[in-house]
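# kindly return the folded structure for what I paste below:
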Amino acid sequence: MARRKSFSNKDRARIFVAHDGICHLCGGHIQIGQAWDLEHVIAWELSRDDSDKNLRPAHRKCHKIKTHKHDRPAISKAKNLEAKHRGFFRSAKSIDSRGFQSTSDRSAPPNPLPRRHLFVRKSEDPPEMG
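Alright, predicted model coming up:
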């Protein structure tokens, strides 16, 4: 399995300067001291591409929004399709049963149960000793 590459400050600076310090997601300028990330144009989980042509600077907030709204669903879908293709998941089959009779379809109320006695009465005679 490919491991994620950690980028050196030199790599980050080279990519930042190559793109004039502009966030590729919102088009805004990344100010000095402002938090920013190297963002994969095509998510790393989908492409495994860490080349400079797939990396762009992005504001940290913009990066989080893109990751949560676009990248994660696409990655999840790709992994599920791969699992289905390889046969890891069985397709869910519907239960072929008639189901239960609904209460509105009953024509007559059910017969009541006989009354249950909780205690048994003992006779008034005292038990015989001896």
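# how far away is the closest residue to Trp36 other than its chain neighbours from Leu55?
Leaving aside its chain neighbours, Trp36 sits nearest to Ile30 (4.8 Å; criterion: Cβ to Cβ, 6 or more residues apart in numbering). For glycine as for every other residue, the C-beta is placed from the backbone atoms N, C-alpha and C. Distance check for Ile30 against Leu55: by Cβ to Cβ, to the nearest Å, it reads 14 Å.
# who has more neighbours, the two?
Using other Cβ atoms under 10 Å as the criterion, Ile30 and Leu55 rank with Leu55 on top: 23 against 20.
# doesn't Arg12 make contact with that one?
No. Here Leu55 does not reach Arg12: they are 9.2 Å apart, not a contact under Cβ atoms under 8 Å.
# mutual contacts of those two, please.
Residues touching both Leu55 and Arg12 (Cβ atoms under 8 Å, 6 or more residues apart in numbering) are Leu38.
# circling back to that earlier point, contact partners for the residue nearest to Trp36?
Taking Cβ under 8 Å, 6+ apart as the contact definition, Ile30 lies against Phe16, Gly21, Ile22, Cys23, Trp36, Pro57, His59.
# which of those residues count as buried?
Neighbour-count burial (16 or more other Cβ atoms under 10 Å) applied to the contacts of Ile30 gives Phe16, Cys23, Trp36, Pro57, His59.
# mean confidence for the host helix or strand of the first one?
Assignment of secondary structure by DSSP states H and E places Phe16 within helix 9-18. Along helix 9-18, the predicted local confidence has a mean pLDDT of 93.
# pLDDT wise, what is Ser51 at?
pLDDT, Ser51: 90.
# near it, how many other residues are there?
Residues near Ser51, counting by other Cβ under 10 Å, number 8.
# now it: how far from Ser6?
Ser51 is 15 Å from Ser6, by Cβ to Cβ.
# kindly report the same for Ala18.
According to Cβ to Cβ, Ala18 and Ser6 sit 19 Å apart.
# so those two - more neighbours on which side?
Neighbour comparison, Ala18 and Ser6: the larger count goes to Ala18, with 12 against 6 (by other Cβ under 10 Å).
# now that one: closest residue in space that isn't a chain neighbour?
Asp52 (7.3 Å).
# now Asp50
Nearest to Asp50 is Lys5, by Cβ to Cβ, 6+ apart, at 4.6 Å.
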